[in-house]
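Engineer: quick one, what's the 3D model for this:
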Amino acid sequence: MTTVAVIGCTHAGTYATTSILREHPDWKVDVFEKNDNISFLSCAIALWAGGHVSDPKRMFYSSPAKLEEMGATMHMRTRVDSVDVRGKSLKATDLASGEESAYRFDKLVITTGSSPAKPSIQGLSEELEGGRATLCKDYADAQRIVKRTEDIKSVIVVGAGYVGSELAEQLSTRGIKTTLIDALPHVLDNNFDKSVTDQAEQAFRDHDVTLAMGQKVVAFRSDVGSDGVDGHGITVVTELGEYTADMAIVGVGFVPQTSLVSSQVRTLGYGAIIVDEYMRASTPDNDVLDYVFAAGDSATVRFNPTDSDEYRPLASNAIREASIIGKNIERPTVAYAGTQATSGVQLYDLSMASSGITEDLARRRHIDADCATIVEDYRPDFMLTTTPVTAKLIWEKKTNRILGAQFAARHDISLAADLISVAIQAKFTIDDLAGTDMLFQPNFTQPINFVSSLAMTAVAQRDGELQTGKR
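Structural biologist: Numbers count the residues shown, from 1 in each chain. Predicted coordinates for the structure are as follows:
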């Protein structure tokens, strides 16, 4: 009987286990998870903190019992201490009993996920230990944040990416005085260009959130809380000022948890396991290990806009990668289609979504790209209500191939980003997108859909430059 060891069971581990047992129900699958839960949707932590989750138990879409019903052997609250990839063995400790055990495997699936980045900043460790600061990643962090924010009057959120921005938005709607700090110059600076980030920042200001952008944090220290008690508050010191609140939440990104195997497989510089299109890992010398697979936040993805292996820790990537492991675990069968890192966020009534690369990233990668931006109502102005959409398209000048797009509106524009994702994956040019058939019905769209209008603007801009000899 073939034995599989799956290490880690959040999104990638859950879907990998499911896909393996569906394809090979007679195989023995040992799943090792150090926590007492699986499949927690951490992307909803901010919504829970803001009071928008009906029941936190529903934030888990699977359970150890469900995987056991499929045939998995679940080792919950079990920490894997070492892995011998070549020797096909591992050692693990039952955290409840302290008992250590050795296991052998024929196939290894590494879905160890990521941990929240903990920057080496003066005083942070002490403030985390004292409970005045917290990280934001798993169910324990979520419980801590929800409980702690029940009775505070002020909060500092460090990190203005998706995690930090959503937390700042949700906590500010509860009347908690909120400060949002980031070393980058704009909110969501890695995800959107200025035409969109300006709108996000204005939304925060409209809701009395203090923005401290372009400010690197240099220290944390305990302080007086809003209740007047010393030690019940925290001060965050930046290069430009100091901010004091009842608690701080640090959400500055994620790092892959791959120390168990990082010296035995090929990784990117920060530890993400490089996988091929069949989710197989390789030796440091780049020899494919046909019995070792990785997916999710512990692994790279093929980023289609730049055709490169990159670290893009998103639940959607983890699920898509892991779902094909079962098809490939016996022999390479189904290739991973890659990702555009399509994502979205809603801040107050402002919806934002993107796919592919930003103009700023294209510039930093030295990609010869062009871009077009439009602002127009999503449906005809004879309708009783409508609202403008800001849309931006980025494409490669030489090939006219679409590289990315961004959308922002007080209207649901999420499917526009999905449309662009399909276009990038299919290697559409701006001409292809401009000629794509899209519906017209006044309830939903203008006679020319704003995505079509954006593509047509890009084509006209390119052709205008050609005619004037600018290209």
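Engineer: residue 380: how many residues sit nearby?
Structural biologist: Residue 380 has 13 neighbours, counted by other Cβ atoms under 10 Å. C-beta coordinates here come from the backbone N, C-alpha and C atoms, glycine included.
Engineer: skipping adjacent residues, who's closest to it in space?
Structural biologist: Nearest non-adjacent residue to residue 380, counting by Cβ to Cβ, 6 or more residues apart in numbering: residue 442, 5.3 Å away.
Engineer: doesn't residue 140 belong to a helix?
Structural biologist: Yes - counting by DSSP: H, G, I helix; E, B strand; the rest coil, residue 140 is part of a helix.
Engineer: from residue 35, how far out is it?
Structural biologist: Using Cβ to Cβ, to the nearest Å, one gets 8 Å for the distance from residue 140 to residue 35.
Engineer: ok, now residue 225?
Structural biologist: Distance from residue 225 to residue 35, by Cβ to Cβ: 31 Å.
Engineer: what's the answer for residue 278, then?
Structural biologist: 29 Å.
Engineer: same check on residue 426?
Structural biologist: 39 Å.
Engineer: neighbour count for these two, which is higher?
Structural biologist: Set residue 426 next to residue 35 and count neighbours by other Cβ under 10 Å: residue 35 wins out with 17 against 11.
Engineer: show me what the longest helix seen in the chain is in contact with.
Structural biologist: Scanning the chain for the helix with the most residues, using DSSP state H, yields helix 450-468. Residues from elsewhere that reach helix 450-468 (Cβ atoms under 8 Å, 6 or more residues apart in numbering): 370, 372, 374, 376, 378, 389, 391-393, 395, 400, 405, 416, 419-420, 430-431, 433-434, 436, 438, 446, 448, 471.
Engineer: may I see the buried residues of that helix?
Structural biologist: Across helix 450-468, burial judged by 16 or more other Cβ atoms under 10 Å covers 450, 451, 452, 453, 454, 455, 456, 457, 458, 459, 461, 462.
Engineer: dump those into TSV; add distance to residue 385 and pLDDT as well.
Structural biologist: Shown next, in TSV, are these (distance: Cβ to Cβ, whole Å; pLDDT from 0 to 100):
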residue	distance to residue 385	pLDDT
450	16	97
451	21	97
452	22	97
453	20	97
454	22	97
455	26	97
456	25	97
457	25	97
458	28	97
459	30	97
461	30	95
462	34	94
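Engineer: just the residues you listed now: which is nearest residue 94?
Structural biologist: Of all the buried residues of helix 450-468, residue 451 has the smallest distance to residue 94: 53.2 Å, by Cβ to Cβ.
Engineer: helices of this structure, start to end?
Structural biologist: With DSSP H as the criterion, the chain has helices spanning 11-23, 45-49, 64-70, 124-130, 139-148, 162-172, 194-206, 315-322, 325-328, 359-364, 414-425, 430-434, 450-468.
Engineer: residue closest to the middle of this structure?
Structural biologist: Most central in the chain under Cα atoms, centre = their mean is residue 314, positioned 3.3 Å from the mean C-alpha point.
Engineer: distance check, that one against residue 45.
Structural biologist: For residue 314, the distance to residue 45 - Cβ to Cβ - is 15 Å.
Engineer: can you show me the CA trace of the longest helix of the chain as CSV?
Structural biologist: Extracted in CSV, the C-alpha atoms of helix 450-468 (Å, rounded to 0.1, in the frame of the first residue of the first chain):
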residue,chain,number,x,y,z
PHE,A,450,-16.4,49.5,-19.0
VAL,A,451,-13.9,46.7,-19.5
SER,A,452,-14.4,46.9,-23.3
SER,A,453,-14.2,50.7,-23.1
LEU,A,454,-10.9,50.4,-21.2
ALA,A,455,-9.5,48.0,-23.8
MET,A,456,-10.6,50.2,-26.7
THR,A,457,-9.0,53.2,-25.0
ALA,A,458,-5.8,51.2,-24.7
VAL,A,459,-5.9,50.3,-28.4
ALA,A,460,-6.7,54.0,-29.4
GLN,A,461,-3.8,55.2,-27.2
ARG,A,462,-1.4,52.7,-28.8
ASP,A,463,-2.6,53.5,-32.3
GLY,A,464,-2.4,57.3,-31.6
GLU,A,465,1.2,56.9,-30.5
LEU,A,466,2.0,54.9,-33.6
GLN,A,467,0.6,57.6,-35.8
THR,A,468,2.5,60.3,-34.1
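Engineer: and the angle for it with helix 414-425?
Structural biologist: 50 degrees (axes from the mean of the first three to the mean of the last three Cα atoms, to 10 degrees).
Engineer: what's the weakest-modelled helix or strand in this structure?
Structural biologist: The helix or strand of the chain with the poorest confidence is helix 450-468; it has a mean of 89 (mean pLDDT, DSSP states H and E).
Engineer: now that helix: how far from the chain's centre is it?
Structural biologist: Centre-to-centre, helix 450-468 and its host chain are 32 Å apart (Cα atoms, centre = their mean, to the nearest Å).
Engineer: going forward, the N-terminal residue is numbered 37.
Structural biologist: Right, with 37 as the first residue, what we last looked at is helix 486-504.
Engineer: my guess is residue 232 contacts residue 427. True?
Structural biologist: No - shown here, residue 232 and residue 427 do not form a contact pair, counting by Cβ atoms under 8 Å, at 9.6 Å.
Engineer: overlap in contacts, those two.
Structural biologist: If you check residue 232 and residue 427 against Cβ under 8 Å, 6+ apart, the residues they both contact are 442, 443.
Engineer: next, count neighbours for residue 80.
Structural biologist: Neighbour tally, residue 80, other Cβ under 10 Å: 17.
Engineer: residue 140 reaches residue 39, doesn't it?
Structural biologist: Yes - counting by Cβ under 8 Å, residue 140 touches residue 39, with 6.7 Å between them.
Engineer: setting aside sequence neighbours, what's the nearest residue to residue 167?
Structural biologist: residue 184 (7.5 Å).
Engineer: kindly report the same for residue 322.
Structural biologist: residue 302 (6.0 Å).
Engineer: same check, this time on residue 405
Structural biologist: residue 398 (4.0 Å).
Engineer: show me what contacts residue 229?
Structural biologist: 394, 395, 396, 407, 428, 442.
Engineer: try 6 Å this time
Structural biologist: Counting by Cβ atoms under 6 Å, 6 or more residues apart in numbering, residue 229 touches 394, 395, 396.
Engineer: list the contacts of the first one.
Structural biologist: Residues in contact with residue 394, defined by Cβ under 6 Å, 6+ apart, are residue 229.
Engineer: residue 314 contacts residue 364, correct?
Structural biologist: Yes - using Cβ atoms under 6 Å, residue 314 is in contact with residue 364, at 4.4 Å.
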